[in-house]
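Visitor: Here you go, sequence then predicted model.
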Amino acid sequence: ADELAHRTEHSIEFQVVFLQHLFASPKIVSVLCGAFRDADGRPCPPDRAPGVPEFIAALRETLQATSKRVCLVASVDFSHLGGRFGDRIQMTPQFLGRVEREDLDTLGKAASLDADAFHADATTDNDRRHIDATPAVYTLLKALDLEEAKLLKYDQSVEAQTQSVVTFASMVFR
């Protein structure tokens, strides 16, 4: 609905480079997943967000109907906290440790393959951690018939001058 939202989006740029290195001519369909909001723009559960259940159903049907190998990449940052994101927080080791524990707990919900538990945990406290990953990971979990997931790496990028942190992780889903 908002073409300008795509203009500065960069979350798949590195993955495309790797895909082009691994495969001669990969066919890539990029989908920008926005926040789950109702018709009035208020946050809502994914199953009540206009078009979300229909999109997930269509994606599932498309994936099940193809005989080709398909790889879904949910390329997102995780938590965004600090001055750059409107928070007045000091980036102390204790604070960063708490963020890590909370993030790992939320990522554990994704690793358990429970999309609804992941969404509930990620959006608790009015999405205090400003987690970008929620719509893309939720959609991936709902669209695929998964058997297992594994957290490969978790880290934090701290920007001392703005007292901000962006967290990120890599996971594999099968």
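Guide: Okay, I see it.
Visitor: Next, the most centrally placed residue in the chain: phi, psi?
Guide: Nearest to the geometric centre of the chain sits Ala133, at 1.9 Å (Cα atoms, centre = their mean). Backbone geometry at Ala133, expressed as degrees, to the nearest 10, gives phi -70, psi -20.
Visitor: What is the burial count for the residue nearest to it when sequence neighbours are not counted?
Guide: Spatial nearest neighbour of Ala133, chain neighbours left out: Val76 (3.9 Å); criterion: Cβ to Cβ, 6 or more residues apart in numbering. No exception for glycine: its C-beta is placed from N, CA and C like everyone else's. Around Val76 there are 17 other residues, counting by other Cβ atoms under 10 Å.
Visitor: Look up how far Ile12 lies from Val76.
Guide: 10 Å (Cβ to Cβ, to the nearest Å).
Visitor: helices or strands next to the helix ranked longest in the chain in the packing?
Guide: The residue-count maximum for a helix in the chain (DSSP state H) belongs to helix 93-111. On a contact count with 3 or more Cβ pairs under 8 Å, 6 or more residues apart in numbering; DSSP states H and E, helix 93-111 meets helix 115-122, strand 149-159, strand 164-173.
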